[in-house]
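Q: whatever this is, show me its structure:
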Amino acid sequence: MSDYSLKTMMGKPERLAPGHRMCAGCGATIAVRAVLRALHEEDRAVIGNATGCLEVSSYMYPYTSWEDSYIHNAFENAGATLSGVETAYKVLKKRGKLPEEEVFKFITFGGDGGTYDIGFQSLSGAMERGHDMVYVCYDNGAYMNTGIQRSSATPMYADTTTTPVGSHSNGKMQNRKDLASIIADHDVPYVAQTTFTPNFMDLHRKSERAIYTEGAAFLNIMTPCPRGWRYETADIMKICKLAIETCYWPLFEVDHGKWKLSYEPKKKLPIEDFLREQGRFKHLFRKGNESLLEEFQKEVDRRWEDLLYKCAR
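A: I've put the predicted structure just below:
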């Protein structure tokens, strides 16, 4: 991080006020607070927010938890909304209708449902056009707000309300989409994947880099959901650590086309260490389901090796 120590970062005023209705231990609000701390204190922001858990719980008209200008938009158009606002800002600046010294940053948040799936078209368009904005996906691996339905971010074999485990099903049958890699293929200046590490420095550093890199930037943040993933609320940091150490959720960034690995485990843990902690995968540990765990491990290994290759190039 350029000129910010962790102490300085954590001491900044909150830009997401307490008193919202998000669940206790929700990963999304932890991610939002961390991202917004990366804003320089003298800068202002316009925040976009796709419909989802974060929106319905932080904005109850006429009340809002957001200290910066805030726009709630439909599920599918978070990328389009903020790209339009960013364009208007540039035009007004060019015409001299806004003070030169006043700096606004444009950041939009969406869950994986509104990002990987329903909002992918507007996200792709905003990235391809190169708007000076940051799109942040808080990836909790399902449509949590409407009852824990599967999304394309949902891991293989996860038990959700639309992929229920039963006598004829082992949960979701498809692998999760690798959205960070897809956005990197849009040739944008900055893409990063991160989650909560013990000192939060990976998330803070990448957030600042995304906000202050000129052009389009994308952050994909794994934000565990205690209700949907079915783990004890206090175990969120343990879940994140296991996701990193098993290489289920590797930490990396793509800076102007150059792939960089942010962390490589000294000893890569088996994927069952991550899965065992979550109720949505408990069926994988029943007798006779060993082959499902093996298949899951093979997919994690394949993606990890592919990432190492990209970073080595």
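Q: just the helices in the chain please.
A: For the chain, the helices defined by DSSP state H cover 6-10, 27-37, 53-58, 78-94, 112, 120-129, 179-184, 201-211, 226-229, 236-245, 272-275, 290-312.
Q: buried residues, the longest one. List them.
A: Right, helix 290-312. Neighbour counts over helix 290-312 (16 or more other C-beta atoms under 10 Å) mark 292-293, 296-297, 300, 303-304, 307-308, 310-311 as buried. Where C-beta positions appear, they are placed from N, C-alpha and C, glycine not excepted.
Q: closest one to residue 92 out of the residues you listed, please.
A: residue 310 (39.6 Å; C-beta to C-beta).
Q: from residue 179, how far off is the closest one?
A: Applying C-beta to C-beta, to the nearest Å, the value for residue 310 to residue 179 is 15 Å.
Q: make TSV out of the buried residues of helix 290-312 and add distance to residue 62.
A: Compiled in TSV, the buried residues of helix 290-312 are given as follows (distance: C-beta to C-beta, whole Å):
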residue	distance to residue 62
292	49
293	50
296	47
297	50
300	46
303	45
304	48
307	46
308	50
310	47
311	48
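Q: just put those residues in CSV and tack on pLDDT and distance to residue 93.
A: Formatted as CSV, the buried residues of helix 290-312 follow (pLDDT from 0 to 100; distance: C-beta to C-beta, whole Å):
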residue, pLDDT, distance to residue 93
292, 98, 55
293, 98, 55
296, 98, 50
297, 98, 52
300, 98, 46
303, 98, 42
304, 98, 44
307, 98, 39
308, 98, 43
310, 97, 37
311, 97, 37
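Q: pretty sure residue 76 contacts residue 115?
A: No: applying C-beta atoms under 8 Å, one finds residue 76 not in contact with residue 115, separated by 10.2 Å.
Q: before we move on, back to that, export the helices of the chain to TSV and tack on distance to residue 101?
A: Formatted as TSV, the helices of the chain follow (distance: least, C-beta to C-beta, whole Å):
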stretch	distance to residue 101
helix 6-10	23
helix 27-37	21
helix 53-58	30
helix 78-94	11
helix 112	38
helix 120-129	27
helix 179-184	32
helix 201-211	18
helix 226-229	44
helix 236-245	39
helix 272-275	48
helix 290-312	40
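Q: hey, which of these is tucked in deepest?
A: Most buried of the helices of the chain, by mean neighbour count (mean count of other C-beta atoms under 10 Å): helix 112, with a mean of 28.
Q: what does that one rub up against?
A: For helix 112, the external contacting residues (C-beta atoms under 8 Å, 6 or more residues apart in numbering) are 137-142, 151-153, 179.
Q: for residue 43, give me its contacts.
A: Per C-beta under 8 Å, 6+ apart, neighbours of residue 43: 103-105.
Q: what do you get for residue 196?
A: With C-beta under 8 Å, 6+ apart, residue 196 has these contacts: 27, 30-31, 34, 203, 236-237, 240.
Q: let me know the closest of the residues you listed to residue 84.
A: residue 31 (24.3 Å).
Q: was I right about the closest one contacting residue 224?
A: No: contact criterion C-beta under 8 Å: residue 31 and residue 224 do not qualify, at 10.2 Å.
Q: count of residues packed around the nearest residue to residue 188 once chain neighbours are set aside?
A: Of all residues not flanking residue 188 in the chain, residue 216 sits nearest, at 4.2 Å (C-beta to C-beta, 6 or more residues apart in numbering). When neighbours are counted by other C-beta atoms under 10 Å, residue 216 registers 27.
Q: relative to residue 177, how far out is the closest residue to residue 157 other than its chain neighbours?
A: Of all residues not flanking residue 157 in the chain, residue 171 sits nearest, at 4.4 Å (C-beta to C-beta, 6+ apart). Residue 171 is 16 Å from residue 177, where distance means C-beta to C-beta.
Q: quick one: mean pLDDT for stretch 157-174?
A: The pLDDT scores in stretch 157-174 average 96.
Q: just stretch 220-234 next, same as before
A: Stretch 220-234 comes out at a mean pLDDT of 97.
Q: for stretch 102-114, same thing?
A: Rounded mean pLDDT across stretch 102-114 is 95.
Q: in it, what's buried?
A: Buried, per 16+ other C-beta under 10 Å, within stretch 102-114: 104-114.
Q: quick one: distance of that stretch to the chain centre.
A: 11 Å (C-alpha atoms, centre = their mean, to the nearest Å).
Q: check stretch 120-138 too.
A: 13 Å.
Q: residue 214 contacts residue 188, doesn't it?
A: No: counting by C-beta under 8 Å, residue 214 does not reach residue 188; the two are 11.0 Å apart.
Q: between these two, which one's more packed in?
A: Remark: of residue 214 and residue 188, residue 188 carries more neighbours, 22 against 9, as counted by other C-beta under 10 Å.
Q: gap between that one and residue 213?
A: Taken as C-beta to C-beta, the span from residue 188 to residue 213 is 9 Å.
Q: what do you get for residue 158?
A: As judged by C-beta to C-beta, residue 158 and residue 213 stand 33 Å apart.
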